[in-house]
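# Fold the stuff below for me.
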Amino acid sequence: MPGTKPILLATSNPAKAAKLRWLLKGLPFAPVLLSDRPDLPPAPEETGATFEENARQKAAHASAAFGGLAIASDGGVRIPALGAGWDPLLTRRAAGEEASDADRAGRLLLLMEGLRGEERRVLWAEAIAVADRGRLLAAWEEAGTEGLLTETYDPANAIPGFWVYSLWWFPQLGKRYVDLTPQELEQADVTWGRLKERVRGWFKIEGESKQT
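Sure, this is the predicted structure:
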């Protein structure tokens, strides 16, 4: 559309790219996928002590290589029952860097073996960062999406790239994440809903400030 500006979705995860596109829907941007830019270097190693720090690093790195705007995210699942036996920052890498979604799900289910009911309660946290040509513009971290982990993983009914959500059960709705309608998802996925409000609110303010 006229007036749109390219913005790189700095993730190779197709599910995350879809979420980032959803955050930006209706804003004057033309999302660019990493798969459309094979010339860009890979993301840096995640060395942050928080999801927000990792998202900041990713956004700054990607925007510098892209030479323009980039939006990045980092997130993971918090599992109170596992205590120090689980590091949310290593959610994707807990089963190894080259692990498949099925491998990751299998390892987590093994760690959760023997836990029942509220012991399987989990919380999703996610951070978003926006940068332009290597300069960080804004970053946010939110949490709030709660549920219980199922005891099985069905690869035939899973979201590629969102393997944890493929195990996610919402007791209040009596459904898994993968079975939610779009309307139910808007209600249940609190973490991403809050981030959408933050991101869109910030871009709106930024747009208004440039017009004055």
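
# average pLDDT across the helix or strand hosting E184?
When secondary structure is defined using DSSP states H and E, the element that contains E184 is helix 182-188. For helix 182-188, the mean pLDDT works out to 92.

# What are the buried residues along it?
The neighbour-count check on helix 182-188 (16 or more other CB atoms under 10 Å) flags A188 as buried. Placement of C-beta: from N, CA and C, glycine included.

# before we move on, what about stretch 188-208?
For stretch 188-208, burial by neighbour count (16+ other CB under 10 Å) applies to 188-196, 198-199, 202-203.

# Closest one of the residues you listed to L136?
The shortest separation between L136 and any of the buried residues of stretch 188-208 is 12.6 Å, and it belongs to W202 (by CB to CB).

# Does that closest one touch I128 like I think?
No. Under the criterion of CB atoms under 8 Å, W202 lies out of contact with I128, with a separation of 9.7 Å.

# What strands line up against the strand of greatest length in the chain, and which way round?
Of all the segments assigned as strand in the chain under DSSP state E, the longest by residue count is strand 135-149. Partner strands for strand 135-149, per DSSP bridges, with pairing direction: strand 121-132 (antiparallel), strand 168-170 (antiparallel).

# how about a markdown table for those, with distance to G83 added?
Supplementary listing: these in a markdown table, determined by distance: least, CB to CB, whole Å:
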| stretch | distance to G83 |
| --- | --- |
| strand 121-132 | 13 |
| strand 168-170 | 20 |
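
# so which of these comes closest to A70?
Across the strands paired with strand 135-149, A70 has its closest neighbour in strand 121-132 (5.6 Å, CB to CB).

# isn't there a helix covering I7?
No. With DSSP: H, G, I helix; E, B strand; the rest coil as the criterion, I7 is strand rather than part of a helix.

# Identify the residues contacting it.
The neighbourhood of I7, defined by CB atoms under 8 Å, 6 or more residues apart in numbering, consists of L24, F29, A30, P31, V32, G68, L69, A70, I71.

# In contact with the fourth one: list those residues for me.
Residues in contact with P31 (CB under 8 Å, 6+ apart) are I7, L8, L9, L20, R21, L24.

# what do you get for R194?
For R194, the contact set (CB under 8 Å, 6+ apart) comprises E142, G144.

# picking that back up, from the contacts of I7, which ones fall inside helices?
Using DSSP state H, the subset of those located in helices is L24.

# How many residues are close by G106?
Applying other CB atoms under 10 Å, we find 15 other residues in the vicinity of G106.

# lowest-pLDDT helix or strand in the chain?
Across the helices and strands of the chain, mean confidence by mean pLDDT, DSSP states H and E is lowest for helix 190-211: a mean of 85.
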